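>>> let's see this in three dimensions:
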Amino acid sequence: MATINFTLSDEDVDRIADRVTARLETVVKTLESPALPKKESRAVLLVGRNEAARLLGCSTATLDRLLERRLLNPNRATRRIMLSVKELERFVEETKVQV
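Take a look at the predicted model:
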């Protein structure tokens, strides 16, 4: 295994630290933002397959399998399959792993 030696100036170290800090702040903001809107401010009652999959953090293919297995109950108020936000919340709560 070869070893490479190099020297970083204080300016280089500061620039790297700034980039790492900016990246970490972006990750923290992403983790802190809720996937579902708060109940009192929720305006959307039904979401389509793509949005439901995004909210659950899965692919639409996985969402389709969950629907096939009847683990999620769709709302057919319209011509296309829609899922209520409450149904997604129910699913997440019921499938939560106890630690």
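>>> three-state assignment of residue 8?
At residue 8 the chain is in coil, as set by DSSP: H, G, I helix; E, B strand; the rest coil.
>>> OK, contacts around it?
Contacts of residue 8 were listed using CB atoms under 8 Å, 6 or more residues apart in numbering, and they are residue 16. Bear in mind the C-beta positions are built from the backbone N, C-alpha and C, glycine included.
>>> distance of it from residue 21?
Taking CB to CB, to the nearest Å as the measure, residue 8 falls 17 Å from residue 21.
>>> apart from its neighbours in sequence, what residue is nearest residue 80?
Nearest residue to residue 80 in three dimensions, chain neighbours excluded: residue 48, at 6.5 Å (CB to CB, 6 or more residues apart in numbering).
>>> low-confidence ranges in the chain?
Within the chain, the segments meeting pLDDT under 70 span 1, 29-43.
>>> now do 90
Scanning the chain with the threshold set as pLDDT under 90 gives 1-10, 12-45, 75-81, 95-99.
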